[in-house]
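Visitor: what's the 3D shape of this:
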Amino acid sequence: MSKNNITRGNEFMRIFKNGSGCAILLTGLFFSCGQNTFSRHAFYLNPAGDDSNSGTRERPWKTIDQLNKTNLKAGDTVYFEGAQVFDGSIILDSNKHGLPGQPIVITSEGGGQARIRSGRGTALSLNRTSHVEILGLSFTGDGRKEGNQKDGVVIANSSDVRMDSISIQGYQKAGLLVLSSSEINIRNVYAHDNGFAGIYIIGEHSKEDCKNIYIGYCKVENNPGDPAILDNHSGNGILAGFCKNVLIEYSVATNNGWDMPRTGNGPVGIWAYEADSVVIQHCISYRNKTSPGGGDGGGFDLDGGTTHSLIQYCLSFENQGSGFGIFQYAGASNWHDNTIRFNISVNDGNISPAGASVFIWNSSRDNKQFKNCYFYNNTIYNDSAAAISYDGQSEHAGFYFYNNIFEAGDKLIKGKENSSVFFANDWYSIKGGFNCDGFRDFRQWAKSKKREQVRGILVGLNINPGFANPGKSVISSPAELKYFDKYRIPGNSVLRTRGLDLEALYGLKTGKEDFLQKTAPLNGIGACF
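Guide: Modelled structure (predicted):
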């Protein structure tokens, strides 16, 4: 085990908060939170206006066409009349860009969000522009099956863009697409009733194409699937691919993927592929779906080609696919050095072929391409299916499972597994106490399979974790996560003291906080104490 590879923890990508709660990336980029104070000109649009007007508050323009004809400059602000509907598509390109401290701002004024109704087209397109802020607007297309075949909002080949308090619905592709862009700050976006995805981050060729992306406090809901995609997945919540340095936090994905028009690999609530240094934290992904027989429909996933990435402090429940997918597909770049820690999965994977809360799959058939996974201090509860499932194609190397609770209805592990390392985990079958690999006796299993033993000493446990009324998880707001204590370890439980000190033994920087954002005991087993 390489100490350098497993000590990265929170060092993947550090995000700090200033006094107003806005994100500052290490690159030094700051996205202002207050009203723009450098406005060069202010332009106003109102359905009762006239395009022959001067665009002032007293003499507003009427249409988006007039806005698109205007040569916006750094510091300009555009105000759409609140709670009004405007038809058309807003277009900003390299001729319309702001400057540091002087962004172009497009927003609503007075009495709610203005709605941009784009019909069959894209509602907002930012291409090769920079220093733009889009605030407090609603974007609506004709619908994924009613004629729209586009993405809703597109940020392409751009930088230093901030979006806040936006709703996007009715697009066949992604609600929000960020393509080969950098220094992008996305907050409070509600993307729903789109096709391919709610929010999609993607580079064109490599992980360097799209980087330094922040997604926070967003909700992606009821994005069912793209009727035009018949050979791949669709119906995702938040998806990040070919990108680097991405933070996704305090966001929710639910009821996505239920109308994916194919059988095979499916969508996931929040996930990444061909990505480096992605952090997913304090998120909830629940009741996501897939097509009948579809292989996914899960909560969270670190997929093919993902490296140096982290899922922590997240809740997954009642997804049709696994709560946590650990996947490598043929043709992807190497998957390695990823961490999943201090998360909770409840009754995931009961419908898809995964048949478990955690699903491991590798179609590359090469363990050198799928290695170094650190899965520790998670609580996995499934009263109907298995805790962990290994696909028939699941060759892997350096997969370490430490200090986890695996509680399942009966069978704990599904499929054949011979390579993973299990130390200091608690294994418990609700029916009969223990059932794994054909063994009903935990000690016999550990000895025969050479599991849960350090220098011949048994370090694993087989005890009832003692959760109070487990199995029903109904919270839907990330703000409630730190109070979600249904899976807290009882105060007198040996699970608080029988785990391994991972930092002392292996150099893992564990973050030292549990699921509830409380100080985690050095020797605790499970996600919250």
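Visitor: for Asn319, see how far away Asn127 is.
Guide: 35 Å (C-beta to C-beta, to the nearest Å). Quick note: C-beta positions are derived from backbone N, CA and C, even for glycine.
Visitor: more neighbours: which of these two?
Guide: Counted by other C-beta atoms under 10 Å, Asn127 and Asn319 do not tie: Asn319 has more neighbours, with 36 against 16.
Visitor: OK, contacts around that one?
Guide: Neighbouring residues of Asn319 by C-beta atoms under 8 Å, 6 or more residues apart in numbering: 269, 285-289, 297-299, 348-349.
Visitor: Asp485 in helix, strand or coil?
Guide: Secondary structure, DSSP: H, G, I helix; E, B strand; the rest coil: Asp485 is coil.
Visitor: that one and Gly526 touch, don't they?
Guide: No - using C-beta atoms under 8 Å, Asp485 is not in contact with Gly526; the gap is 11.8 Å.
Visitor: before we move on, which element is Phe359 in?
Guide: Assessed by DSSP states H and E, Phe359 sits inside strand 356-362.
Visitor: what's downstream of that strand, the next helix or strand?
Guide: Counting by DSSP H and E, what follows strand 356-362 is strand 370-376.
Visitor: for the stretch 101-250 of the chain, just list every one of the strands.
Guide: Along the stretch 101-250 of the chain, the stretches classed as strands by DSSP state E, counting those that start in this stretch are 104-109, 114-119, 124-127, 130-135, 137-141, 153-156, 159-169, 174-179, 182-192, 197-202, 211-216, 219-221, 236-249.
Visitor: mind giving me the packing neighbours of the fourth one?
Guide: Translated: strand 130-135. Under the contact definition 3 or more C-beta pairs under 8 Å, 6 or more residues apart in numbering; DSSP states H and E, strand 130-135 sits against strand 104-109, strand 159-169.
Visitor: so Ala114 touches Phe86, yeah?
Guide: Yes - the pair Ala114 / Phe86 is scored as a contact, 6.3 Å apart, by C-beta under 8 Å.
Visitor: between these two, which contacts overlap?
Guide: Common neighbours of Ala114 and Phe86 (C-beta under 8 Å, 6+ apart) are 45, 80.
Visitor: who is the residue nearest in space to the middle of the chain paired with across the strands?
Guide: Central residue of the chain (C-alpha atoms, centre = their mean): Ile270, 3.3 Å from the mean position. Beta-bridge partners of Ile270, counted by DSSP bridges, are Ile238, Phe300.
Visitor: correct me, but it touches Ile238?
Guide: Yes - counting by C-beta under 8 Å, Ile238 is a contact partner of Ile270 at 4.7 Å.
Visitor: which neighbours do these two share?
Guide: 248, 251, 253.
Visitor: name the nearest residue to the second one, ignoring sequence neighbours.
Guide: In space, and not counting its chain neighbours, Ser251 is closest to Cys218: 4.4 Å by C-beta to C-beta, 6 or more residues apart in numbering.
Visitor: measure Thr254 to Ser477 for me?
Guide: Distance from Thr254 to Ser477, by C-beta to C-beta: 11 Å.
Visitor: find residues that contact each of those two.
Guide: Ile284.
Visitor: so which of these two has more stuff around it?
Guide: Shown here are Thr254 and Ser477; by other C-beta under 10 Å, Thr254 has more neighbours (23 against 10).
Visitor: what packs against the lengthiest helix in the chain?
Guide: Longest helix in the chain, counting residues (DSSP state H): helix 442-449. Judged by 3+ C-beta pairs under 8 Å, 6+ apart, helix 442-449 is in contact with no other helix or strand.
Visitor: residues of that helix that come out buried?
Guide: Along helix 442-449, these residues count as buried under the neighbour rule (16 or more other C-beta atoms under 10 Å): 442, 445-446, 449.
Visitor: try stretch 479-489
Guide: By neighbour count on 16+ other C-beta under 10 Å, the buried set for stretch 479-489 is 481, 484, 486-489.
Visitor: what do you get for stretch 510-529?
Guide: 510-511, 514-516, 520-521, 523-529.
Visitor: which pair of the residues you listed spans the longest distance?
Guide: Within these, Leu516 and Asn523 form the most distant pair, 17.3 Å apart (C-beta to C-beta).
Visitor: surely His505 is in a helix?
Guide: In this structure residue 505 is Leu, not His. Yes - checked against three-state DSSP, Leu505 lies within a helix.
Visitor: tabulate the buried residues of stretch 479-489 (JSON lines), appending distance to Gly409 and pLDDT.
Guide: As requested, these are exported to JSON lines (distance: C-beta to C-beta, whole Å; pLDDT from 0 to 100):
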{"residue": "Leu481", "distance to Gly409": "25", "pLDDT": "98"}
{"residue": "Phe484", "distance to Gly409": "22", "pLDDT": "97"}
{"residue": "Lys486", "distance to Gly409": "17", "pLDDT": "95"}
{"residue": "Tyr487", "distance to Gly409": "16", "pLDDT": "97"}
{"residue": "Arg488", "distance to Gly409": "21", "pLDDT": "97"}
{"residue": "Ile489", "distance to Gly409": "21", "pLDDT": "96"}
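Visitor: for Ile201, which non-adjacent residue is spatially closest?
Guide: Excluding the flanking residues, the one nearest Ile201 by C-beta to C-beta, 6+ apart is Ala240, at 4.2 Å.
Visitor: what's the one you found in contact with, if anything?
Guide: If you count contacts by C-beta under 8 Å, 6+ apart, then Ala240 has 201-202, 213, 246, 248, 271-273, 275, 278 around it.
Visitor: go on, Ser167?
Guide: 113, 138-139, 189-192.
Visitor: make it 6 Å
Guide: Listed by C-beta atoms under 6 Å, 6 or more residues apart in numbering, the contact partners of Ser167 are 138, 190.
Visitor: highest neighbour count among the contacts of Asn319?
Guide: The most crowded member of the contacts of Asn319, judged by other C-beta under 10 Å, is Gly299 (37 neighbours).
Visitor: tally of neighbours for the closest residue to it other than its chain neighbours?
Guide: Leaving aside its chain neighbours, Gly299 sits nearest to Ser316 (3.1 Å; criterion: C-beta to C-beta, 6+ apart). If you count neighbours by other C-beta under 10 Å, Ser316 ends up with 32.
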